[in-house]
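J.: Based on what follows, work out the 3D shape:
(chains A, B, C and D)
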Number of protein chains: 4
Amino acid sequence: MKLRSAALASALIVALGTAAAQAPVVNKAITETEVLAAQRAWGDALVAISTAHERQGAVAARRLAGEVIDGAYGYQFGPVLFKPTLTEAPQTFRTTRAGALAYFVGGDPSFPKDTGFALKGWRKVDVNNAAIFIAGDVATSMGNVSITDKDGKVTTVDKTWKFLKDDSGKLRIVVHHSSLPYRAN
Amino acid sequence: MKLRSAALASALIVALGTAAAQAPVVNKAITETEVLAAQRAWGDALVAISTAHERQGAVAARRLAGEVIDGAYGYQFGPVLFKPTLTEAPQTFRTTRAGALAYFVGGDPSFPKDTGFALKGWRKVDVNNAAIFIAGDVATSMGNVSITDKDGKVTTVDKTWKFLKDDSGKLRIVVHHSSLPYRAN
Amino acid sequence: MKLRSAALASALIVALGTAAAQAPVVNKAITETEVLAAQRAWGDALVAISTAHERQGAVAARRLAGEVIDGAYGYQFGPVLFKPTLTEAPQTFRTTRAGALAYFVGGDPSFPKDTGFALKGWRKVDVNNAAIFIAGDVATSMGNVSITDKDGKVTTVDKTWKFLKDDSGKLRIVVHHSSLPYRAN
Amino acid sequence: MKLRSAALASALIVALGTAAAQAPVVNKAITETEVLAAQRAWGDALVAISTAHERQGAVAARRLAGEVIDGAYGYQFGPVLFKPTLTEAPQTFRTTRAGALAYFVGGDPSFPKDTGFALKGWRKVDVNNAAIFIAGDVATSMGNVSITDKDGKVTTVDKTWKFLKDDSGKLRIVVHHSSLPYRAN
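T.: Modelled structure (predicted):
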C-alpha cells in the first residue's frame, strides 16, 4: 500500500489480539499520556537548543530551532496562536513560523527586540499541570512550567498548550500562551 | 456547584493520584471500551424490549422502546441518520424519533409497513466488529451483528454505528445503517 | 418529540429548502461567527456585572456572576482551565466554579486575595483577535482584549479562549488564559 | 516557510478583510458544501473509471481506480470501514486498500468473487441525502445514491459515507456502507 507507512500504522492501529470480537481500531483521539510526552518533548527541545548554542554555536542552534518548530508546532496548518512569554506589542503574537524562530533564537531584524529565548542556558524543564482538557483530536493543558538555567536559577511561567494530532499521529502545538506570573504591587 | 453532578464528574474526571505532575483531566474523547459497551447496551435493549413485549404486553414494550431511543440515540440533537434493516422506500430512513419508534414496535399508522422489529422474540445479540474508527468525540464501528430469536434462529446483518459522546459523557447513536447481507443469485 | 426543544432544533438544524438533494443538517462544528458572538457575550457580561454591582449592590452582582459562569463557562464538564489576569500562586488557576466566582466578585474567604475583578466599574470590552483556530467542536481565539472602565481608563490584556459547543448548541469557555502584557525593564 | 504550501494555506485560511477585529482563521471543521462536493467527486470518479475502462482498457481503469482510492479514501490512516454494495461473506468488509481496489476493478485472485463494480458502464451518479451530521472534523451523510449505466438502467442504493478532513484540508472517506434496498417478499 503506497500511502501507508509502517510508522503510521504502528502509531494509529491498535492490534487487539485473537478473539472474535476484536477488531482493528483507528484512533485519532489524544490521550493524556500523549499530552505529557509532547510537553516533555518541548522541554527537552528547549534544553537541546540551549546546549547546541553553547557547544556548536549560533548556526547550529538556529538550525535545530527550525527543526523543533517544524516538528512540534503546527505552522503548516496556517497561523499558530503563539503568545511567547517575553514578547511585546506590536509583535506580541507570533502567528508565523518566522516569528516563532525569531523568538527562540533571535537574530531577525524584523523582530528587533528578540534576543533568543532558547539561548539563555536552559538546563531543565519541569511541567506541573493544573488541568488537562481533551476533546476530540485536540487537547489543552494549563499549568506552571519551571525552567532552570545553568546557574540554577528557576523561572516559572503560566502556560497553556493546545495540541492537535496530525494525520501521522503526531501531536503538534497549535496554541501556546505563556506569561509571567502576576504579582500585586 | 449547581450544574455539576457527581455522576458526571466521576465519568469525566480521571483522578490521577498524588504526584506533582498529575492533574485532573476532562476527557471527551471516546475509547474503544466505551464503543464496545454501547454496542452491548444496544443488544441488551433489543432483547429487553422483546422480553417486555412477551411478559408485559405491547404497552410496556412501547414504553421501554421509547426509553431506549431517548437513552441510546441522539434525536435530541436533530435528525439521526438511521437506516434500519427492514425499511422500504419512501420510508427507508428514520431520521425522526417517531420513525425509529415505529420501526422498533410498530403500531403507528404513519408507518404502515412497520410490524415491530424489536418484538420478534429476540434472545441474544452478538457483535463482531470488522473495524472501529475513533476521531475526536465520535466513533464509528462496522461489522456483523447476529441476533438469535427464541427458536434459535440467527439473523446476521451488516451494521454501521456512529456514536457521539454527549455532555454527560454518555455515548449516543447518531448514525445507524443496518442491511441484510448481499447474496448473488 | 419529548427530548427535542425548538430552540435546539433551530440552533442546530439548517433547513435547506426544497430541491431534491437538500437534506437536514446537524452541525456541531463551530463557526467563526459563533466565536465572535461568544467573545462579545463575555464582554457584555463583564460590563453587566459591573453595572449590577453599582446599581443593585453586591448580592445582585454575585447572583449575576454565578449565572454568567453557569451560562458561559464549562464547569459542568469538570475543571475549566482558567488562568485569570490577576491571580497569584498558589491560587493562580481557577479550575473550579468557586474559584471563578471568587475571582469575578470576591468575598470568598477561601480566596483571600480576590477583590472582585468584575466589580471594577467596567464599561466597554473590545476584542482584537490575532488568530482563531477551529478544529472540530472546539475553537480557540488568541488576541488582545481591551477593557475600559468608567473613568475611561483602558486595560489591555493578552487573552486565549477555547470554546466548546455543548449539546444544546451553546459555546462554553473551557480554557481561558489571560495575562498582562510583558514589559521589558 | 518550508512546510507550508500555498495550496494548504488557501484551503485552510480564510482571509477576513481589513477591519480591526478580523483575524486569520484556521478552520478544520467540515462544511456541508464540502460534503456535497466530496459526494460529487466520488460519483465523477466512478463514471471516470467506467469510461477509462471502455476507452483505454483494463490497465488504465485499474491505475485510475488506484488513484481514486488513494485520493478519496483514508487507507493511509489504517483500516477503512468499507462495506461495498455487492460483497459477500467472508469478504464483506474491505478494510484494506487491496480489498477496495479488487471491488472496484476486479482481477485480484485474493478476492475471487469480485468482477469490478466500477467497470459496469456507469454514466451518471445522483446523490439524494436523507440527512447530514457534522461533528468536528468528520461528517456523515446518509441517503440514496442512484447510478445510471450506459443503457439508462438506474440502480439505487442506500449509502452512508463518513468523511474526515485531512491535514491538507481534503475530505477522505473513512466509512462507506452501501446496501441494496430491502424488499419485503
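
J.: Just the residues contacting stretch A:166-174, thanks.
T.: With C-beta atoms under 8 Å, 6 or more residues apart in numbering or on different chains as the test, stretch A:166-174 has contacts from A:5, A:7-8, A:11-12, A:28, A:30, A:34-35, A:37-38, A:42, A:71-74, A:77, A:80-82, A:138-139, A:161-165, C:133, C:135, C:140, D:26, D:76-77, D:166-167. All C-beta spots, glycine's among them, are computed from the backbone N, C-alpha and C.

J.: which of the residues in it are buried?
T.: A:166, A:167, A:169, A:170, A:171, A:172, A:173, A:174 (16 or more other C-beta atoms under 10 Å in any protein chain shown).

J.: What subset of the contacts of stretch A:166-174 is buried?
T.: Here the buried ones among the contacts of stretch A:166-174, as counted with 16+ other C-beta under 10 Å, turn out to be A:8, A:12, A:28, A:30, A:34-35, A:38, A:42, A:72-74, A:77, A:80-82, A:138-139, A:161-165, C:133, C:135, C:140, D:26, D:76-77, D:166-167.

J.: So which of the contacts of stretch A:166-174 belong to strands?
T.: A:81-82, A:138-139, A:161-165, C:133, C:135, C:140, D:26 (DSSP state E).

J.: Could I get the residues you listed in a markdown table, plus columns for distance to chain B?
T.: Shown next, in a markdown table, are the ones in strands among the contacts of stretch A:166-174 (distance: C-beta to the nearest C-beta, whole Å):
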| residue | distance to chain B |
| --- | --- |
| A:81 | 19 |
| A:82 | 22 |
| A:138 | 8 |
| A:139 | 8 |
| A:161 | 13 |
| A:162 | 14 |
| A:163 | 13 |
| A:164 | 11 |
| A:165 | 9 |
| C:133 | 15 |
| C:135 | 9 |
| C:140 | 15 |
| D:26 | 16 |
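
J.: for chain A, longest helix please?
T.: Secondary structure assigned by DSSP state H gives helix A:32-56 as the longest helix of chain A.

J.: just how off-centre is that helix within its chain?
T.: What separates the centre of helix A:32-56 from the centre of its chain is 8 Å, taken as C-alpha atoms, centre = their mean, to the nearest Å.

J.: Spit out the contact partners of residue A:122.
T.: Contacts of residue A:122 (C-beta under 8 Å, 6+ apart): A:46, A:47, A:50, A:147, A:148, A:149, A:150.

J.: Please name the bridge partners of it.
T.: Partner residues in beta bridges with residue A:122: residue A:149, with DSSP bridges as the criterion.

J.: what about residue A:118, is that helix, strand or coil?
T.: Assigned with DSSP: H, G, I helix; E, B strand; the rest coil, residue A:118 falls in the helix class.

J.: Assumed residue A:125 was part of a strand.
T.: Yes - Residue A:125 sits within a strand when classified using three-state DSSP.

J.: The residue in chain A that chain C sits nearest to and chain D: what is the separation?
T.: With distances taken as C-beta to the nearest C-beta, chain A approaches chain C most closely at residue A:179, which sits 3.2 Å away. Shown here: residue A:179 relative to chain D, a distance of 20 Å by C-beta to the nearest C-beta, to the nearest Å.

J.: how about the residues of chain A near chain C?
T.: Taking C-beta under 8 Å from any C-beta of the partner chain as the criterion, the neighbours of chain C within chain A are A:79-83, A:85-89, A:92-93, A:95, A:113, A:130-133, A:135-138, A:140-144, A:158, A:160, A:162, A:164, A:174-175, A:177, A:179-184.

J.: From those, list the buried ones, please.
T.: A:79-83, A:85-87, A:92-93, A:95, A:130-133, A:135-138, A:140-144, A:158, A:160, A:162, A:164, A:174-175, A:177, A:179, A:182.

J.: who's in contact with the residue nearest the centre of chain A?
T.: Centroid-nearest residue in chain A: residue A:42, 4.4 Å away (criterion: C-alpha atoms, centre = their mean). Applying C-beta under 8 Å, 6+ apart to residue A:42 gives the contacts A:72, A:125, A:161, A:173.

J.: Widest-spaced pair of those residues?
T.: Taking C-beta to C-beta as the measure, the contacts of residue A:42 reach their widest spread between A:125 and A:173, a distance of 14.4 Å.

J.: helix, strand or coil for residue A:142?
T.: The assignment at residue A:142 comes out as strand when based on three-state DSSP.
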